[in-house]
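Trainee: Predicted model and sequence below, questions to follow.
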Amino acid sequence: MSGIRKEFGSTVALSDFTLEIESGELVCLLGPSGCGKTTALRILAGFEKADSGTVTVGGEDITFVPTPKRQFGMVFQEYSLFPNMTGRENVEFALKLRKAGSAERKDTIDRLLEVTGLTQHADKYPHQMSGGQRQRVALARALASNPRVLLLDEPLSALDAKVRDSLREEIRRVQREIGVTTLFVTHDQHEALAIADRVGVMSHGRLEQIDPPRALYEQPDSAFVAGFVGTVNRIPAQADGDRWRVLNRSVPGTPTVPGATLAAIRPEQIAVDVDAAGDDTVREVVFLGPLTRLTVDHGGTTLIADLLTSEFGGAATGDRVRVRLRDDVDEIVLIEG
């Protein structure tokens, strides 16, 4: 997608939006509601027409090619299954549309039912299936058409947390096994970071940054990306030669904008030492299983610190402590002036 612009009345949904996806890659578009991520997917699918810009697949310009001829597979939040057809029949429908022979249909259906874990549920009707099973049928049906590109628009948001976690792992496994080029749209950062080869963070119709999940988390290009992906503490940093002093440690730093003096420090980068003579105060302690999250008043600034529960010193609400940058933090990112 190159130079895509789309307006709805006076609202600019996409502005000079450009995205390139490699063959076999899974890319997630991540962002808040109204950022343009679903509009981008709908333009790629052909449901919406861009005001300007081009869409190409494998070197072929498909900007004006109608949706049915794009040979894409699509899975949406709503399962959109035929209620009067079994899971097997729903998957077979896509094969009948492309006039596949009976032998090909059987082989393809059996393979996809096995890959998506549906073999035992193939003869159930949608109303007899769980939400996760219905979404697996929708995925198998989309893959049955042997799509050039698979499009997933918030496919897990209607499921409960445990099923969502399980199914996102299955989607990633199936995508790798099939090798289909995939665009996945979500507002859930955990979902995007868990399954994508690269994540593109969007804001106000623009692609703010696109990188592998770890690079996106550890090296955000802007204050928006740092704040949207994960939790971040904005802590004043003082220039110290060619380094920066943050929480009483001097470390190398990379400013994302000229004159930046606020460091983006993740909760797991902060250490908390119980000290009756400390200048900081614990305001809240939350047990999160393997982690314990502390909210600390640091000179009038609220900091969030995530500590391994196994290493947690037992600080309680109201205790005096000292916060510091962990010894293993060897570089920081500065995001604002």
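Mentor: Happy to help now that I have it.
Trainee: For the rest of this, base every contact and every neighbour count on C-alpha atoms.
Mentor: Fine.
Trainee: Check whether the residue nearest to Ala40 when sequence neighbours are not counted sits in a helix, strand or coil.
Mentor: Nearest non-adjacent residue to Ala40, counting by CA to CA, 6 or more residues apart in numbering: Leu14, 7.4 Å away. Assigned with DSSP: H, G, I helix; E, B strand; the rest coil, Leu14 falls in the strand class.
Trainee: surely Leu14 meets Leu207?
Mentor: No. With contact defined as CA atoms under 8 Å, Leu14 does not count as touching Leu207 (9.1 Å).
Trainee: Of all residues in the protein, which one is nearest the centre?
Mentor: In the chain, the residue lying closest to the centroid (CA atoms, centre = their mean) is Ala192, at 1.9 Å.
Trainee: just checking, it touches Val199?
Mentor: Yes. Ala192 lies in contact with Val199 (CA under 8 Å); the separation is 6.6 Å.
Trainee: what sits in contact with each of the two?
Mentor: Counting by CA atoms under 8 Å, 6 or more residues apart in numbering, the contacts common to Ala192 and Val199 are 28-30, 213.
Trainee: Put together TSV for these, with secondary structure on each row.
Mentor: Output for the shared contacts of Ala192 and Val199, formatted as TSV (three-state DSSP):
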residue	secondary structure
Cys28	strand
Leu29	strand
Leu30	strand
Pro213	helix
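Trainee: Let me know the closest of those residues to Pro155.
Mentor: For those, the closest approach to Pro155 (CA to CA) belongs to Cys28, at 12.1 Å.
Trainee: and that closest one, what are its bridge partners?
Mentor: For Cys28, the beta-bridge partners are Phe184, Val199 (DSSP bridges).
Trainee: quick one: the helices in the stretch 1-150 of the chain?
Mentor: Applying DSSP state H, counting those that start in this stretch to the stretch 1-150 of the chain gives helices spanning 37-45, 87-97, 102-115, 131-144.
Trainee: Point out the most buried one among the ones you listed.
Mentor: helix 131-144 (a mean of 24; mean count of other CA atoms under 10 Å).
Trainee: circling back to that earlier point, so who does the residue nearest to Ala40 touch?
Mentor: So Leu14 contacts 4-7, 36, 39-40, 204-206 (CA under 8 Å, 6+ apart).
Trainee: Buried subset of these as a ChimeraX selection?
Mentor: Those of those that count as buried under 16 or more other CA atoms under 10 Å are selected in ChimeraX with:
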select :4,5,6,36,39,40,204,205,206
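Trainee: Cool, thanks, signing off.
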